[in-house]
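K.L.:
Following is a predicted model, sequence given first.
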Amino acid sequence: MDNIILIGFMGSGKTSVSIKLSYYMRCTMIDTDRLIEREEERSVSRIFEENGEAVFRDMETACLEKLLDSGEKGRIISVGGGLPVREENRLLLKRLGKVIYLRAKPETVYERLKGDDTRPLLKTENPLGKIRELMEKRSEAYENASDYIVDVDGKSLDEIIEELVHLV
Ligand code: S3P
């Protein structure tokens, strides 16, 4: 099996989907945010605070390159919401495996992330406005990066898994 890569906005369900799908398909699950945090021995929020977003973006590119170099296949890889924005990363994603975009509406993301303080980009006065703004900027990149698009609004985790299993 090729690697399966889940992309999408923060709060679109990439992590929950990858955990359940990897269990269902009996394969390894990888999350680029967690890999970076492990390597750096600090949280994504800390990296943003201490080094800024640009440094974090370089870490994401380096992380993808490492995953490609390892040559391993058959994994479910969930990537940070901003990772596909860089063209270089989109090319790396294509080489890494089959890319699935979990597409969510701003309101869905807002509801899911209300009260979550682990996303530095959403620590603003108006998180819904920020979600809308970022999504507008990013949706084309997500579409260009993906082989398949799955709409997640109003669907249960099991319904999403069911759809994915038929796709891959
Ligand atoms: C980000 C998404 C986060 C994390 C960082 C930046 C983004 O990952 O990489 O906070 O720019 O959308 P998740 O999509 O897993 O929340």
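P.N.:
Thanks, I have it. Residues are numbered from 1 along each chain as shown.
K.L.:
And the strands in the protein?
P.N.:
Applying DSSP state E to the chain gives strands spanning 4-7, 29-31, 76-78, 98-103, 148-151.
K.L.:
Dump those into a markdown table; add distance to Leu157 and mean neighbour count as well.
P.N.:
Where you see a C-beta, it was placed from the backbone N, CA and C, and this is true even at glycine. Output for the strands of the chain, formatted as a markdown table (distance: least, CB to CB, whole Å; neighbours: other CB atoms under 10 Å):
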| stretch | distance to Leu157 | mean neighbour count |
| --- | --- | --- |
| strand 4-7 | 13 | 27 |
| strand 29-31 | 14 | 19 |
| strand 76-78 | 14 | 26 |
| strand 98-103 | 11 | 22 |
| strand 148-151 | 12 | 16 |
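K.L.:
and the ones you listed as TSV, adding mean pLDDT?
P.N.:
Shown next, in TSV, are the strands of the chain (pLDDT from 0 to 100):
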stretch	mean pLDDT
strand 4-7	98
strand 29-31	97
strand 76-78	98
strand 98-103	98
strand 148-151	98
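K.L.:
Distance to Glu162 added to those, as TSV?
P.N.:
As requested, those are exported to TSV (distance: least, CB to CB, whole Å):
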stretch	distance to Glu162
strand 4-7	15
strand 29-31	18
strand 76-78	16
strand 98-103	14
strand 148-151	10
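K.L.:
Among the ones you listed, which comes closest to Asp117?
P.N.:
Nearest of the strands of the chain to Asp117, taken as CB to CB: strand 29-31 at 18.6 Å.
K.L.:
Please give the centre-to-centre distance between stretch 57-67 and its chain.
P.N.:
13 Å (CA atoms, centre = their mean, to the nearest Å).
K.L.:
Just checking that stretch against the ligand, any contact.
P.N.:
No - Stretch 57-67 is not in contact with the ligand by CB under 6 Å from any ligand atom; minimum separation 7.3 Å.
K.L.:
Would you mark the buried spots in that stretch?
P.N.:
57, 59-60, 63-64, 67 (16 or more other CB atoms under 10 Å).
K.L.:
and which of those residues is nearest Ser18?
P.N.:
Of those, the one sitting nearest to Ser18 (CB to CB) turns out to be Leu67, at 13.8 Å.
K.L.:
For Glu53, which residues are in contact?
P.N.:
Residues near Glu53 by CB atoms under 8 Å, 6 or more residues apart in numbering: 82, 120-121.
K.L.:
Kindly recompute the last result at 10 Å.
P.N.:
Counting by CB atoms under 10 Å, 6 or more residues apart in numbering, Glu53 touches 47, 82, 120-121.
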